[in-house]
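>>> Give me a model of this one.
(chains A and B)
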Amino acid sequence: DSGVTQTPKHLITATGQRVTLRCSPRSGDLSVYWYQQSLDQGLQFLIQYYNGEERAKGNILERFSAQQFPDLHSELNLSSLELGDSALYFCASSVGDRIYEQYFGPGTRLTVT
Amino acid sequence: GEDVEQSLFLSVREGDSSVINCTYTDSSSTYLYWYKQEPGAGLQLLTYIFSNMDMKQDQRLTVLLNKKDKHLSLRIADTQTGDSAIYFCAERGSGGYNKLIFGAGTRLAVHP
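Next up, the predicted model:
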């Protein structure tokens, strides 16, 4: 158990809908990262937040957004969902702004039908 | 550009050593990582190596880094069935980004 929690574990929704994925980092970690794992794209970095502020952005679609709250939990919002958004979404956390050790949560499996 | 490549599949006999290889392209990578993913689970950080090191050993795991050839390997000694999983090599992205660039993963199958 990495100490990073993600909810829900599974999510099934229809195209065009909007969902919110939630992540709580390890105790003491200030950075939260979101990754998408799909069969065709592999593991891809989406976005990083550090202590409430966006710090780095990767291959995140405009339909997706994220935020980190004062209690350091983070939410990833996915809207206008398409079939191709079906994937495993991982959250990871690290202590500081720089990656040395990054710990991953168990993931949320999103299925868009 | 940033790219990490791994072979997709490795099959070994229980008790033998496994060697999983990885090549990366970004010569400015400061940290290189190995993660393990078991079926239906998240990624578990196994070990990482700083770019000024050639080797790092941690119990049954040995990481070798050839910076000149941009080649990283993970050796698992006395491989057990519980080691069956997908192993991901990752490099820390350059340009000030705090992201990890992952390879496609190597599926390790351990058979009796």
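>>> does any part of stretch B:104-112 sit near chain A?
Yes. Stretch B:104-112 lies within reach of chain A by Cβ under 8 Å from any Cβ of the partner chain, at B:104, B:105. Yep, even glycine has a C-beta here, placed from its N, CA and C like the rest.
>>> Share the number of residues neighbouring the nearest residue to residue A:103 once chain neighbours are set aside, please.
Nearest in space to residue A:103, with sequence neighbours left out and distances taken as Cβ to Cβ, 6 or more residues apart in numbering or on different chains, is residue A:2 at 4.2 Å. Residue A:2 has 17 neighbours, counted by other Cβ atoms under 10 Å in any protein chain shown.
>>> need the residues of chain A near chain B, please.
When proximity is defined as Cβ under 8 Å from any Cβ, chain A approaches chain B at A:2, A:4, A:31, A:33, A:35, A:42-45, A:48, A:50, A:55-56, A:58, A:90, A:92, A:94, A:97-107.
>>> Mind checking which of these are buried?
Buried members of those, counted by 16 or more other Cβ atoms under 10 Å in any protein chain shown: A:2, A:4, A:31, A:33, A:35, A:42-45, A:48, A:50, A:55-56, A:58, A:90, A:92, A:94, A:99, A:102-107.
>>> Tell me the pLDDT of residue B:29.
We have a pLDDT of 69 for residue B:29.
>>> Quick check: neighbours of the helix or strand hosting residue A:88 in the sheet, parallel or antiparallel?
In this assignment (DSSP states H and E), residue A:88 forms part of strand A:87-94. Here strand A:87-94 is paired, per DSSP bridges, with strand A:31-38 (antiparallel), strand A:103-104 (antiparallel), strand A:108-112 (antiparallel).
>>> want to try JSON lines for the ones you listed, with distance to residue B:60 as columns?
Shown next, in JSON lines, are those (distance: least, Cβ to Cβ, whole Å):
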{"stretch": "strand A:31-38", "distance to residue B:60": "26"}
{"stretch": "strand A:103-104", "distance to residue B:60": "21"}
{"stretch": "strand A:108-112", "distance to residue B:60": "31"}
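>>> Could you point out which of these sits nearest residue B:103?
Taking Cβ to Cβ, strand A:31-38 is the member of the strands paired with strand A:87-94 nearest to residue B:103, at 12.5 Å.
>>> what distance separates the closest one from the centre of its chain?
How far strand A:31-38 lies from its chain's middle: 4 Å, per Cα atoms, centre = their mean, to the nearest Å.
>>> Show residues contacting the helix or strand hosting residue B:35.
Using DSSP H and E, residue B:35 falls within strand B:31-37. Strand B:31-37 is contacted from outside by A:99-100, A:102, A:104, B:20, B:22, B:24, B:43-51, B:61, B:63, B:65, B:72, B:74, B:85-92, B:100, B:102, B:105, using Cβ atoms under 8 Å, 6 or more residues apart in numbering or on different chains.
>>> Could I have the PyMOL command that selects the buried members from the residues you listed?
To isolate the buried members of the contacts of strand B:31-37 in PyMOL, using 16+ other Cβ under 10 Å:
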select buried, (chain A and resi 99+102+104) or (chain B and resi 20+22+24+43+45+46+47+48+49+63+65+72+74+85+86+87+88+89+90+91+92+100+102+105)
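>>> Alright, that wraps it up for me.
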